[in-house]
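Student: Got a predicted structure plus its sequence, pasted below:
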Amino acid sequence: MTDTLTLPRPDDWHLHLRDGAMLAAVVPESARHFARALIMPNLVPPVVTGAQAAAYRARILTALPDGADFTPLMTLYLTEATDPADVVAAHRDGVIAAVKLYPAGATTNSASGVRNFDAVRGVLEAMAEAGVPLCLHGEVTDPAVDIFDREAVFLERVLEPVRRATPGLRVVLEHVTTEDGLDYVRAGGPDLAGTITAHHLMINRNHILAGGIRPHYYCLPVAKRERHRLALVEAATAGEACFFLGTDSAPHPDHDKEAACGCAGCFTAPVAMACLAQVFEAAGALPRLEGFVARHGAAFYGLPVNADSITLLKSASPLDIPASVGSGGGRVTVFDPGFPLFWRVAD
Ligand code: DOR
Ligand code: ZN
């Protein structure tokens, strides 16, 4: 039985770190295991200019524990007022790695996002020309579309027309939750990739809703039927290079999650690697974990694989997971898959 696994230090290609006291509370959890992370820009107000991204990056570096080896890769929040020249300059100067598109109203702090996709065509063309990747929250916001169908409808209504109109645009369909999304990415060629979270590999919509409502499993895109979860596990564990890890670890204070109108987001950073090792082991695919967490994403972004390594150890006794992390503004519950985890990252 394999009970130890050494891999290059992993990267997280979709991470929410927030700002201020929350940033200080959660960044050590990612820096402990991950070498690099793509940092989401949905602060209030959002990170919309290269100068703001540089300032946010400096705040993240200041919040890191002494001796941490962690590189935040920044993103800009695309609005209908985004200046193409600022995006291209920020990418050229190494300030940002990508641009994030939130359809307005799709999720947490997305109000400044895009309503009219024609309004951002000039920015997308400039990005295609300069090789700046576009990361997408792939859900339509039309209230007439059922929330469980919003990803699938996004593919035909938004993503396909955008990609047709902007040849050469490099796109990441983030936090894929459906077979439809997986198939779309597979058929998209080298300019298209998809990220998959740890939690969508472990929960389906029953976990959120059956036998009581569990707000700490609520995130967006919302987890779908079991057949979609199984398809995600297959995609992640089969070694397909177009799929890689983006945890979408998204901390909210418990009082904002356990509310009449609770926020979307699962705080998975402390347990993501333990969860993934278990999922890959159960699929008989531990040797392919390295590709998913450390190789495929780096290749898409044209970066070297991290030279350092981590070692995962399997114990006979379950991992002792802290139930929550203090944030200054209230406790933040750590994602609990609902069954014991036996893998951990060696200190
Ligand atoms: O569940 C989510 N939480 N999905 C998102 O798209 C945003 C995120 C957040 O910022 O909390
Ligand atoms: Zn996110």
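Tutor: Sure, I can see it. Ligands and ions are numbered 1, 2, ... in the order given.
Student: other SSEs contacting the helix or strand A51 falls within?
Tutor: Element membership of A51, judged by DSSP states H and E, is helix 50-63. Here helix 50-63 touches helix 20-31, strand 36-39, strand 71-77, helix 84-92, going by 3 or more Cβ pairs under 8 Å, 6 or more residues apart in numbering; DSSP states H and E. Using the backbone N, CA and C atoms, a C-beta is placed for each residue, glycine as well.
Student: What residues sit buried inside that helix?
Tutor: With burial defined by 16 or more other Cβ atoms under 10 Å, the residues of helix 50-63 counted as buried are G50, Q52, A53, A54, Y56, R57, I60, A63.
Student: separation between the first one and V99?
Tutor: Right, G50. Separation of G50 from V99 (Cβ to Cβ, to the nearest Å): 11 Å.
Student: joint contacts of these two?
Tutor: Contact with both G50 and V99 is made by residues L76, V87, according to Cβ atoms under 8 Å, 6 or more residues apart in numbering.
Student: so who does G297 touch?
Tutor: Contacts for G297 (Cβ under 8 Å, 6+ apart) come out as D11, W13, A193, T195, F244, L245, G246.
Student: that older thread, residues contacting the helix holding A51, please?
Tutor: The contact list for helix 50-63 (Cβ under 8 Å, 6+ apart) reads 17, 19, 23-24, 27, 39, 41, 43, 47, 72, 74-76, 86-87, 89-90, 93, 95-96.
Student: Just the buried ones from these?
Tutor: Members of those classed as buried by 16+ other Cβ under 10 Å are 17, 23-24, 27, 39, 41, 43, 47, 72, 74-76, 86-87, 90, 95-96.
Student: any chance of the buried residues of helix 50-63 in CSV, with pLDDT and distance to R227 too?
Tutor: Formatted as CSV, these follow (pLDDT from 0 to 100; distance: Cβ to Cβ, whole Å):
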residue, pLDDT, distance to R227
G50, 98, 42
Q52, 98, 41
A53, 98, 39
A54, 98, 44
Y56, 99, 39
R57, 98, 40
I60, 98, 38
A63, 98, 40
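Student: TSV for these, including distance to H216?
Tutor: Below are those laid out as TSV (distance: Cβ to Cβ, whole Å):
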residue	distance to H216
G50	35
Q52	31
A53	30
A54	34
Y56	27
R57	29
I60	25
A63	24
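Student: Closest to G188 out of those residues?
Tutor: When those are ranked by distance to G188 (Cβ to Cβ), A53 comes first, at 27.0 Å.
Student: Skipping adjacent residues, who's closest to the closest one in space?
Tutor: Spatial nearest neighbour of A53, chain neighbours left out: M74 (4.2 Å); criterion: Cβ to Cβ, 6 or more residues apart in numbering.
Student: Could you double-check that the one you found sits in contact with T49?
Tutor: No - if you go by Cβ atoms under 8 Å, M74 and T49 don't touch, sitting 11.2 Å apart.
Student: Surely K100 forms part of a strand?
Tutor: Yes - using DSSP: H, G, I helix; E, B strand; the rest coil, the assignment for K100 is a strand.
Student: Helices of the chain, residue ranges please.
Tutor: All helices of the chain, identified by DSSP state H, fall at 20-31, 50-63, 84-92, 121-130, 150-154, 160-165, 179-186, 205-209, 226-237, 254-257, 272-282, 289-290, 296-301.
Student: out of those, which comes closest to ligand 1?
Tutor: With Cβ to the nearest ligand atom as the measure, helix 254-257 is the member of these nearest ligand 1 (9.4 Å).
Student: is that closest one up against ligand 1 anywhere?
Tutor: No - Helix 254-257 lies out of reach of ligand 1 by Cβ under 6 Å from any ligand atom, never closer than 9.4 Å.
Student: what's that helix in contact with?
Tutor: P215, H216, Y218, G262, C263, G265, S324, G330, R331, V332, T333.
Student: and the least confident of those residues?
Tutor: Within the set of these, pLDDT is lowest for G330 (93).
Student: so how many other residues sit close to that residue?
Tutor: 15 (other Cβ atoms under 10 Å).
Student: if we can go back for a sec, out of the helices of the chain, which is closest to P337?
Tutor: Ranking the helices of the chain by their distance to P337 (criterion: Cβ to Cβ) puts helix 272-282 first, at 5.9 Å.
Student: Which strand residues bridge the closest residue to R32 other than its chain neighbours?
Tutor: In this structure, R32 finds its nearest non-sequential neighbour in V345, 7.2 Å apart by Cβ to Cβ, 6+ apart. Assessed by DSSP bridges, V345 has beta-bridge partners L312.
Student: related to what we said a few turns ago, make JSON lines from the helices and strands packed on helix 50-63 and add mean pLDDT and distance to V158 to it.
Tutor: Output for the helices and strands packed on helix 50-63, formatted as JSON lines (pLDDT from 0 to 100; distance: least, Cβ to Cβ, whole Å):
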{"stretch": "helix 20-31", "mean pLDDT": "98", "distance to V158": "30"}
{"stretch": "strand 36-39", "mean pLDDT": "99", "distance to V158": "21"}
{"stretch": "strand 71-77", "mean pLDDT": "98", "distance to V158": "17"}
{"stretch": "helix 84-92", "mean pLDDT": "98", "distance to V158": "20"}
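Student: pretty sure the residue nearest to R32 contacts A272?
Tutor: No - counting by Cβ under 8 Å, V345 does not reach A272; the two are 9.8 Å apart.
Student: who touches both of these two?
Tutor: H33.
Student: Tell me which of the two has more neighbours.
Tutor: Per other Cβ under 10 Å, whichever of V345 and A272 has more neighbours is A272, with 28 against 18.
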